[in-house]
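Asks: let's see this in three dimensions:
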Amino acid sequence: METIFQAETRKGSRWTALLVPFRWIFALGLESSAHRMVEAHEWRGASEAYRRLIEGSPRQASFHTEAGLAYLMMNQWEPAEDRLREALRLAPTELRAYDFLGMLLANQGRIEEAERTF
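Replies: Here you go, the predicted structure:
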């Protein structure tokens, strides 16, 4: 995927150092927007924004953690658990994912499993 900066470089422009794909710029804006939605407790919008971020960066554990939190807060247990377990698979030190997964399991009455998670 060629960026506008690469096209300018090919033409001999002075912008040779700015080889930033548009999708990165878009992802930064979307990540910022998703973070603001979490802070504002706009869970539906946050879950959608993180879903889109995960599509673009499926190995970014923090996106899975935040999506899991959004689903958890909407009482959507299955997608919340899926996202949180994926975050932990990708990054076993993702402490917030353990906390959120423990809360989810406790809310479902899966106390022994929750205790092992905390």
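Asks: tell me which helix or strand comes right after whichever strand or helix holds residue 30.
Replies: Assessed by DSSP states H and E, residue 30 sits inside helix 22-39. Using DSSP H and E, the helix or strand that follows helix 22-39 towards the C-terminus is helix 43-56.
Asks: and that next one, what does it pack onto?
Replies: Packing contacts for helix 43-56, counted by 3 or more C-beta pairs under 8 Å, 6 or more residues apart in numbering; DSSP states H and E, involve helix 22-39, helix 61-73. Just so you know, the C-beta spots here come from the backbone N, C-alpha and C atoms, and that holds for glycine as well.
Asks: try it again with 10 Å
Replies: If contacts are counted by 3 or more C-beta pairs under 10 Å, 6 or more residues apart in numbering; DSSP states H and E, helix 43-56 sits against helix 22-39, helix 61-73, helix 77-90.
Asks: only the buried residues of it, if you could.
Replies: Going by neighbour count (16 or more other C-beta atoms under 10 Å), the buried part of helix 43-56 is 43, 46-47, 49-54.
Asks: now stretch 63-82
Replies: 63-73, 76, 79-81.
Asks: pLDDT on that stretch, on average?
Replies: For stretch 63-82, the per-residue pLDDT values average out at 97.
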